[in-house]
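Asker: any chance you can model this:
(one chain, ligands or ions: 1)
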Amino acid sequence: MVLLLRTFVKTPRQAWTMRRFYSSDITASAMVYSEYGQPSQVLKWHSYRLPALTSNTVHVKFLASPINPADVNMIQGAYPIKPTYQKLDAQDDKLLAVGGNEGLAQVIAVGDHVNELKIGDHVVMAKTGYGTWRTHAAGPASDFQLLPSADNVSMIQKATITVNPCTAYRMLKDFVNLKQGDYVIQNGGNSAVGQAVIQIAKAWGLKTINVVRNRPDIDVLRKELLDLGATHIITDEELSSHETRALIKSWVGNEKPLLGLNCVGGKSATEMARYLGENGKFITYGAMSRKPLSLPASLLIFKNMSFHGFWVSKWADIHPQEEKYQMLQDVTDLMSQGKLAEPKWTQVKWDEETMKQSVDQGISGFATGKQVVLF
Ligand SMILES: NC(=O)c1ccc[n+]([C@@H]2O[C@H](COP(=O)([O-])OP(=O)(O)OC[C@H]3O[C@@H](n4cnc5c(N)ncnc54)[C@H](OP(=O)(O)O)[C@@H]3O)[C@@H](O)[C@H]2O)c1
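Answerer: Numbering: from 1, shown residues only. Predicted coordinates for the structure are as follows:
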């Protein structure tokens with residue numbers, strides 16, 4: 001067999017391609033799809049033998065993976081990153097994409113030539129689009145990013161670290177040189193990103209004005225966000241009223257916020273932009289209302305405001321490994337110090353029907369917390 005492989009294999013890539021068809025004794029399961037559509041219609045349960053370990057690969061077992069809005073958009077074919085269709089089985093030629101983009105895995109086997117990882121390490125995915133709704137994966141060490149080790153950081157915090165806390169961290173750090181006591185205004189204040197913004201801002205001495213959608217039990221949500229460290233909460237319905245304008249003026253005085261974070265789009269975003277000060281920056285990272293962003297020209301002409309987008313996947317693609325690790329280290333430290341709490345979450349059972357229903361619900365509003373699969 002070894003002689004045969006040597007005859008055909010010219011490059012490490014070919015070697016990997018050949019060897020991956022030889023199975024280990026681990027039976028893996030995954031939620032997969034091969035066409036775009038409504039998640040419950042196109043997602044399928046798939047069991048397969050994990051490829052055998054080679055000298056340059058590792059085996060990981062997944063511990064926990066969340067269901068994020070982008071995962072749903074990706075299955076619907078409405079996300080800029082296209083799924084990676086891959087042959088998961090030695091015995092089956094079907095090309096399948098594994099759902100999910102974020103998750104925590106533990107290294108369970110390491111090839112002889114792998115130096116970057118060891119058995120027991122906790123890892124996250126190095127790139128978006130890897131496919132994290134699966135029990136196991138095999139691949140080169142470069143597919144995975146080692147997490148900094150830290151005390152008092154839960155499995156859920158680690159499984160949800162790369163998307164939401166890192167997005168909040170970058171948006172607070174990269175656009176405006178904020179100083180202690182400065183205000184940041186955001187909508188989607190109760191989203192997972194929004195809650196990370198509230199907590200990181202508080203840890204860095206910043207104040208936040210948080211816009212949330214009104215609801216019958218708004219006081220419960222208000223209290224939750226204030227307990228997390230939010231400075232002020234207002235509802236989207238209050239946003240354009242004279243009273244709210246006066247109230248916000250009484251909070252910020254002449255120091256209007258210079259950073260606005262937009263998760264929602266539509267009317268909420270237009271109204272929020274009006275509260276930014278001269279030369280303010282308005283960062284759009286989500287479009288949960290699915291409504292277009294409409295902005296008065298006066299904000300550009302008379303206030304010289306600028307409008308930007310942020311996408312953490314792109315950031316991760318174009319920044320060096322050391323910067324990514326530094327960010328993970330900073331975020332993990334905040335978690336370890338109790339300054340960035342575990343997100344509210346609900347457990348999703350790892351079975352086909354529950355997964356299908358849960359993914360369908362992945363972008364419905366008024367959710368009670370992040371849905372996380374525990375394997
Ligand atoms: N650009 C990036 O790098 C990046 C990174 C992370 C996340 N995101 C995006 O950020 C958004 C939030 O993600 P997440 O994981 O934080 O989500 P999440 O925890 O599920 O929260 C969703 C948020 O959207 C609000 N929402 C849902 N439907 C809405 C609607 N029809 N109109 C207005 N608001 C609505 C929810 O408010 P209610 O409670 O009132 O329903 C909640 O605040 C998503 O669009 C996601 O794709 C982008």
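
Asker: next SSE downstream of the helix ranked longest in the chain?
Answerer: Ranked by residue count, the top helix of the chain under DSSP state H comes out as helix 321-336. Toward the C-terminal end, the helix or strand that comes next after helix 321-336 (DSSP states H and E) is strand 345-348.

Asker: ok, that next one near the ligand or not?
Answerer: No. On the criterion CB under 6 Å from any ligand atom, strand 345-348 is out of touch with the ligand, staying 9.9 Å away. All C-beta atoms are positioned from the backbone trio N, CA, C, and that covers glycine.

Asker: rewinding a little: tell me which residues in the longest helix of the chain are buried?
Answerer: Neighbour-count burial for helix 321-336 flags 324, 327-328, 330-332, 334-336 (criterion: 16 or more other CB atoms under 10 Å).

Asker: and for stretch 107-119?
Answerer: Residues of stretch 107-119 classed as buried by neighbour count (16+ other CB under 10 Å): 107, 109-111, 114, 117.

Asker: where's residue 281 relative to residue 271, distance?
Answerer: According to CB to CB, to the nearest Å, residue 281 stands 17 Å off from residue 271.

Asker: ignore what I typed, I meant residue 63.
Answerer: Counting by CB to CB, the gap from residue 63 to residue 271 is 41 Å.

Asker: also residue 222?
Answerer: From residue 222 over to residue 271 (counting by CB to CB), the distance is 19 Å.

Asker: in the stretch 201-350 of the chain, which spans are helices?
Answerer: For the stretch 201-350 of the chain, applying DSSP state H, counting those that start in this stretch gives helices covering 218-228, 242-252, 266-273, 297-301, 312-318, 321-336.

Asker: most tightly packed of those helices?
Answerer: Comparing the helices of the stretch 201-350 of the chain by mean neighbour count (mean count of other CB atoms under 10 Å), helix 266-273 comes out on top with a mean of 20.

Asker: in the stretch 151-300 of the chain, which spans are strands?
Answerer: 183-187, 207-212, 232-235, 259-262, 281-284 (DSSP state E, counting those that start in this stretch).

Asker: could you export these as TSV, including mean pLDDT and mean neighbour count?
Answerer: Shown next, in TSV, are the strands of the stretch 151-300 of the chain (pLDDT from 0 to 100; neighbours: other CB atoms under 10 Å):
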stretch	mean pLDDT	mean neighbour count
strand 183-187	98	27
strand 207-212	98	25
strand 232-235	98	20
strand 259-262	98	28
strand 281-284	98	20
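
Asker: among the ones you listed, which is nearest the ligand?
Answerer: strand 207-212 (6.1 Å; CB to the nearest ligand atom).

Asker: check which strands are paired with the closest one and give the direction for each one.
Answerer: strand 183-187 (parallel), strand 232-235 (parallel) (DSSP bridges).

Asker: same list (those) but as a markdown table, adding distance to the ligand.
Answerer: Shown next, in a markdown table, are the strands paired with strand 207-212 (distance: least, CB to the nearest ligand atom, whole Å):
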| stretch | distance to the ligand |
| --- | --- |
| strand 183-187 | 8 |
| strand 232-235 | 10 |
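
Asker: any chance of these in a markdown table, plus distance to residue 285?
Answerer: A markdown table is the format used below for the strands paired with strand 207-212 (distance: least, CB to CB, whole Å):
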| stretch | distance to residue 285 |
| --- | --- |
| strand 183-187 | 10 |
| strand 232-235 | 20 |
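
Asker: nearest to residue 260, out of those?
Answerer: strand 183-187 (5.0 Å; CB to CB).

Asker: quick one: residues in contact with that closest one.
Answerer: 172, 178, 194, 197, 201, 206-212, 231, 236, 251-252, 255-257, 259-264, 268-269, 272, 275-276 (CB atoms under 8 Å, 6 or more residues apart in numbering).

Asker: may I have the phi/psi pair for residue 59?
Answerer: Here is the backbone geometry of residue 59 (degrees, to the nearest 10): phi -110, psi 140.

Asker: ok, now residue 213?
Answerer: Torsion angles, degrees, to the nearest 10, at residue 213: phi -70, psi 140.

Asker: which residues touch the residue lying closest to it once chain neighbours are set aside?
Answerer: In this structure, residue 213 finds its nearest non-sequential neighbour in residue 236, 5.3 Å apart by CB to CB, 6 or more residues apart in numbering. Neighbouring residues of residue 236 by CB under 8 Å, 6+ apart: 187, 211-214, 267-268, 271.

Asker: any idea how far residue 230 lies from residue 183?
Answerer: 12 Å.

Asker: scratch that, residue 143
Answerer: Where residue 183 is concerned, residue 143 sits at a distance of 40 Å (CB to CB).

Asker: same check on residue 343?
Answerer: For residue 343, the distance to residue 183 - CB to CB - is 24 Å.

Asker: ditto for residue 269
Answerer: Counting by CB to CB, the gap from residue 269 to residue 183 is 17 Å.

Asker: residue 78 too?
Answerer: 33 Å.

Asker: how about residue 71?
Answerer: In terms of CB to CB, residue 71 sits 32 Å off from residue 183.

Asker: do stretch 193-211 and the ligand meet?
Answerer: Yes. Counting by CB under 6 Å from any ligand atom, the ligand is contacted by stretch 193-211 at 193-194.

Asker: so which residues on this structure come close to the ligand?
Answerer: 68-70, 163-164, 167, 188, 190-194, 213, 263-264, 285-289, 310-312, 365-367, 370.

Asker: show me which of those residues are buried.
Answerer: The neighbour-count test (16+ other CB under 10 Å) applied to the residues of the chain next to the ligand identifies 68-70, 163-164, 167, 188, 190-194, 213, 263-264, 285-289, 310-312, 367, 370 as buried.
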